[in-house]
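Participant: predicted structure and sequence below. I'll ask about it afterward.
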Amino acid sequence: MQPKIKKLSKDISLLIAAGEVIDKPVSIIKELVENSIDANSKKIIIKIKNGGKDYISITDDGIGINPDELELAFESHATSKLNSKDDIYKVSSLGFRGEALASISSVSKIECKSRIKSLDYGNLIEIKYGKVISKSKIASNYGTQIIVKDIFHNIPARLKYLSNTRSESGRIGQFIQSVSMSYPKISFELIIDGKKKYHTKGDNSKITIFNQLYKLLSNDLISVDFRENSYQLSGYISKPNKNFGNRSRMNFTTNGRVIKNPKIFYSIENAYRYFNKNKRFPIFNLNLTIPFNEVDVNIHPQKHEVKFEKEAEVISFIYNNILKVLNSEIPSENIKINIEQNKVISQYENSEFDQTDF
């Protein structure tokens, strides 16, 4: 019999979308923490149990969600961050697709409490695998708390592919470290199985975080701040003698968004090869500020990949300026390296490493 074409049900459509957005506990945490950052939070508390597989809680002191919009926030393609199709090509917020909360709620049990500052009460919504269970008014602090429980219990095939608790916790810890370095004005607190594992003060000091995470002092680091045309590269890189055995301490953001771009990582590694012969990896936290309309963040549902309009120009800008600052820092008796202008890096061998110190 010829199979009939039919429209998928809402439940099935949500599960398919969730599979693209949410594949691990860290994916949930990334989406929720980015929402907290977009909400102008000054403090974000992350709690997990069993590697995030059983329990995730994200609490912030941001602007909160309007009570009339709380249920809508968990509908697919509901967002406050886009108003027209043109906005897609100049996204300035971290979240924008309107898929994350709907995807998370379709594969877990959720409690969301939120209060805006103009009200003296908060609101609670409970959702179980995509179905609203209850809504009520509650006493609550300003901001939002989202609790996620029992992820993928309605999709056993997905659940069995999650890693062990230590690996999942490690991925979460590495993400929180990276985002906390990129947003030093925000206080982050990570609690794993009831124990505080990581905390930043939110005092806007990246050097303090470098010291806390990697035991690096200010004289171990090189400040980077280069501007050229509409680009700016800023942050800190380690001196060549301060390095690590894998790429887990290489953090890069574009307009504040944590991204994975193999060509950028390879270009920075390549600049270090003149000064570091032991095949170890540099430690850095860098941000590229670029006009929003010159970078497309709508490449992948998880939003960790971006596409640059002038990729070769961007890569060359990064490579040449990292090489320039390293060249200026090496001892004067060493031979100076001539910087190759418009150096384009086109190959990269991508090796992923999990940092599982948590």
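Facilitator: Received it, and whenever you're ready, just let me know what you need. Numbering: from 1, shown residues only.
Participant: quick one: contacts of stretch 46-59?
Facilitator: Stretch 46-59 is contacted from outside by 24-26, 28-29, 32-33, 36, 44-45, 143-152, 159, 162-169, 172, 176, 188-194, using Cβ atoms under 8 Å, 6 or more residues apart in numbering. For the C-beta atoms, the positions are set from N, CA and C on the backbone; glycine is no exception.
Participant: apologies, that question was intended for stretch 226-237.
Facilitator: Identification of contacts with stretch 226-237 by Cβ under 8 Å, 6+ apart yields 206-207, 210, 221-225, 268, 282-291, 294, 314, 317-318, 321-322, 324-326.
Participant: end to end on it, go ahead and measure it.
Facilitator: 13 Å (Cα to Cα, to the nearest Å).
Participant: now, the contacts of stretch 226-237 that are in strands?
Facilitator: In this view, these that belong to strands under DSSP state E are 221, 222, 223, 224, 225, 282, 284, 285, 286, 287, 288, 289.
Participant: how far away is residue 41 from residue 330?
Facilitator: Separation of residue 41 from residue 330 (Cβ to Cβ, to the nearest Å): 41 Å.
Participant: and the two? Which one has more around it.
Facilitator: Applying other Cβ atoms under 10 Å to residue 41 and residue 330 shows that residue 41 carries more neighbours, namely 24 against 15.
Participant: residues touching the more buried one, list them.
Facilitator: 60, 61, 62, 143, 186.
Participant: identify the farthest-apart pair in the residues you listed.
Facilitator: Across these, the longest distance by Cβ to Cβ is 12.6 Å; it joins 143 and 186.
Participant: which of those two has more neighbours?
Facilitator: When neighbours are counted by other Cβ under 10 Å, residue 143 and residue 186 differ, and residue 143 comes out ahead with 25 against 22.
Participant: columns distance to residue 55 and pLDDT on top of the ones in strands among the contacts of stretch 226-237, output as TSV?
Facilitator: As requested, the ones in strands among the contacts of stretch 226-237 are exported to TSV (distance: Cβ to Cβ, whole Å; pLDDT from 0 to 100):
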residue	distance to residue 55	pLDDT
221	37	96
222	41	95
223	40	95
224	39	96
225	41	96
282	36	94
284	33	96
285	29	95
286	34	96
287	32	95
288	35	95
289	37	93
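Participant: for those residues, which one is nearest residue 246?
Facilitator: The nearest member of the ones in strands among the contacts of stretch 226-237 to residue 246, counting by Cβ to Cβ, is residue 282 at 11.4 Å.
Participant: which strand residues bridge the closest one?
Facilitator: Per DSSP bridges, the residues bridged to residue 282 are residue 243.
Participant: from residue 262, how far out is it?
Facilitator: 15 Å.
Participant: which of these two has more neighbours?
Facilitator: residue 282 (23 against 14).
Participant: quick one: the more buried one and residue 268 touch, right?
Facilitator: Yes. Residue 282 is within contact range of residue 268, at 6.5 Å (criterion: Cβ atoms under 8 Å).
Participant: any residues in contact with both of these two?
Facilitator: Residues within reach of residue 282 and of residue 268 at once, by Cβ under 8 Å, 6+ apart, are 237, 250.
Participant: circling back: can I get the buried part of the contacts of stretch 46-59 as one PyMOL selection?
Facilitator: The buried residues among the contacts of stretch 46-59 can be selected in PyMOL (16 or more other Cβ atoms under 10 Å) with this line:
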select buried, resi 24+25+26+28+29+32+33+36+44+45+143+144+145+146+147+148+149+151+152+162+163+165+168+169+172+176+188+189+190+191+192
